[in-house]
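Novice: got a predicted structure here, sequence first:
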Amino acid sequence: MTPVTTTAPRAADLRERLLLRLLGARPDPRQARWAWWGPLLAMVIGGALRFYRLGHPHQLVFDETYYVKQGWSMMEYGYEREVRPGLDEPDELFTAGDVDIWGPDADLVVHPPVGKWMIGLGEWLTGIDSSVGWRLGAAVVGTLSILLLGRIAWHLWHNATLATVAATLLAADGHHFVHSRTGLLDIFVTWWVLVAFWCLLRDREDGRRRLARRVSAGRSRVAGMPWGPGLGVRWWRLAAGVSLGLASGTKWSGLFFLAAFGLMTVLWDLGARRASGVRRWISGTLARDAIPAFLSMVPVALLTYLASWTGWFVSDNGYKRDWADDHPVTGIASLVPDALRSLWSYHQEVLAFHTGLHNEHAWSSNPWSWIVQGRPTLFFSEWPKRGQDGCEAAECVKYIASLGNIFVWWGATAGLLVVVFLWLFGRDWRAGAALVGIAAGWLPWFLYQERTIYSFYAVAFVPWLVLVVVACMALVLGGPTASASRHRWGAVVVVGYTVAAVALFFWYYPVYTAEVIPRQEWLWRLWFDFWT
């Protein structure tokens, strides 16, 4: 009996030491409670602002003319129909609740269905004549993302103050706010990639607990496996694959996140095997983690993406639905179902559209300017005179611009070098986590600088800009060994910065929500010519 009683405590001690090395010290339970309450409060306030007068203005704003109408077409037919040729003013008819605007033909649309299904669901819940319904799906995911980012920040830093600050900064960002109140697709990309990131954080924690438990039990040594133990089915990673499939099923830009997040999660596993003392940690990661990670994310994302096209598959009249019937093949290609061949041809046509999109547009912008808000996109504008729409000045403005909060965007711009330094030289994995979303959401657009693109695409990586700012705030707060005075003054700076960001958000609130303001007050807010 002696070997059993001595080995068990040794295994338990080893497991605790490994957990400390792999996951750090256990968080303070009181901090853990506040890490829920703080982000929840930020979500409630931020959500209330997003839902307040959500239906204003009661007219299709910017690209809502495509996606809001297509969302309802999805609910009625399962695919997007083309507006009836020769129909005068279909937007005005749709706004008035008249949805008899479609002809019999399917429309060539250049984005997958998921975001339009989510818009259509809101329209179905409220009725098509309600502009609240047009934007309901965006407002819901925009609100929930505030809480989710707060929880992500908690899993990164285990600090309730930083978790609350992260949620608050996202709630107070104008770029995210405008998208949360508009029936466009990009906020749904943001939501699904954020869900995937959270799932991978949970997978990191769960995987490292499994690794510590199995290494400490000596299973890898007993079995003679220098690669270290296998970790079984990684359910959180599978969930991330589904989320990334839904992101790609909203816009193809979700594929960049699939690639970046897949690399990130494998690098986390590489570090875990090395830290746990696995002898062949590189080959072990490739065999035990990288291949299973690929299989649990890429095929799952692909199947999820294909499932999102169910409405098209079951239809008779979807765009190019019967293309394969008119283009028969022989040989091995004949093994591919006709529906998939038709969908592939459809995708080829969409890809040609995206790569060949070159047209002049007043609000297009180069990705170099996005992070400093060089050309925020105009979503809506009207210019009432005295006596119109409650205007009491000689000239007034109703305006919606996707102008980000400069405490987030300029703060992240200044903090990028700091965070890159922390990642490369400080080997801080949290800094790398903050950078990966920016790399996935921003850098690929530099490959398409000749294409017509817009800064509103940048909403996809706004949460990671917030995380860059929060990573810098963590330095200001000081680590666990910092003095009480350092923590106190650091908290003053962090809270002061956050309060200033919130105050700036409320200052810009009228130009996020199409409130009627005198032209002079509009000029006080739009500081630069390239903002107007």
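Specialist: Good, I have the coordinates.
Novice: got the buried residues for the helix or strand hosting residue 125?
Specialist: Per DSSP states H and E, residue 125 falls inside helix 114-126. Residues of helix 114-126 classed as buried: 114-124, 126 (neighbour count, 16 or more other CB atoms under 10 Å). Bear in mind the C-beta positions are built from the backbone N, C-alpha and C, glycine included.
Novice: go on, stretch 39-55?
Specialist: 39-43, 45-47, 49-51, 54.
Novice: equivalent analysis for stretch 347-356, please.
Specialist: residue 350.
Novice: can I get that stretch as PDB, trimmed to CA atoms?
Specialist: The C-alpha trace of stretch 347-356 is given here as PDB (Å, rounded to 0.1, in the frame of the first residue of the first chain):
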ATOM      1  CA  HIS A 347     -18.700  31.400 -55.800                       C
ATOM      2  CA  GLN A 348     -16.300  31.800 -58.800                       C
ATOM      3  CA  GLU A 349     -18.600  34.600 -60.100                       C
ATOM      4  CA  VAL A 350     -18.700  36.300 -56.700                       C
ATOM      5  CA  LEU A 351     -14.900  36.100 -56.300                       C
ATOM      6  CA  ALA A 352     -14.500  37.700 -59.700                       C
ATOM      7  CA  PHE A 353     -16.800  40.500 -58.600                       C
ATOM      8  CA  HIS A 354     -14.800  41.100 -55.400                       C
ATOM      9  CA  THR A 355     -11.400  41.100 -57.000                       C
ATOM     10  CA  GLY A 356     -12.500  43.300 -59.900                       C
END
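Novice: residue 35 contacts residue 151, doesn't it?
Specialist: Yes: counting by CB atoms under 8 Å, residue 35 does reach residue 151; the two are 7.4 Å apart.
Novice: shared neighbours of those two, which are they?
Specialist: residue 163 (CB atoms under 8 Å, 6 or more residues apart in numbering).
Novice: so which of these two has more stuff around it?
Specialist: A side-by-side neighbour count of residue 35 and residue 151, using other CB atoms under 10 Å, places residue 35 first with 26 against 19.
Novice: now do the more buried one, the pLDDT please.
Specialist: Predicted confidence (pLDDT) at residue 35: the value is 94.
Novice: would you mind writing the CA trace of stretch 381-394 as CSV?
Specialist: This file holds the C-alpha atoms of stretch 381-394, laid out as CSV (Å, rounded to 0.1, in the frame of the first residue of the first chain):
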residue,chain,number,x,y,z
SER,A,381,-27.0,62.8,-43.8
GLU,A,382,-29.7,65.3,-44.2
TRP,A,383,-29.5,69.1,-44.0
PRO,A,384,-32.7,70.6,-42.7
LYS,A,385,-33.3,74.3,-42.6
ARG,A,386,-35.0,76.4,-39.9
GLY,A,387,-38.4,75.0,-39.1
GLN,A,388,-37.7,71.5,-40.6
ASP,A,389,-37.4,68.5,-38.4
GLY,A,390,-37.3,70.7,-35.3
CYS,A,391,-34.3,72.8,-36.6
GLU,A,392,-34.1,76.1,-34.7
ALA,A,393,-31.0,77.4,-36.4
ALA,A,394,-30.5,78.7,-39.9
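Novice: what comes up buried for it?
Specialist: The neighbour-count check on stretch 381-394 (16+ other CB under 10 Å) flags 384, 391 as buried.
Novice: now do that stretch: everything it contacts.
Specialist: Here stretch 381-394 makes contact (CB under 8 Å, 6+ apart) with 395-400, 514, 516, 518-520.
Novice: state the distance from residue 188 to residue 396.
Specialist: 33 Å (CB to CB, to the nearest Å).
Novice: more neighbours, the two?
Specialist: A count of neighbours by other CB under 10 Å puts residue 188 above the other of residue 188 and residue 396, at 28 against 25.
Novice: identify the residues contacting that one.
Specialist: 114-115, 118, 137-138, 141, 247, 250.
Novice: distance of it from residue 388?
Specialist: For residue 188, the distance to residue 388 - CB to CB - is 35 Å.
Novice: what does residue 116 give?
Specialist: Here the criterion is CB to CB. By it, residue 116 lies 34 Å from residue 388.
Novice: go on, residue 27?
Specialist: Residue 27 is 56 Å from residue 388, by CB to CB.
Novice: ditto for residue 295
Specialist: 61 Å.
Novice: what does residue 94 give?
Specialist: Taken as CB to CB, the span from residue 94 to residue 388 is 24 Å.
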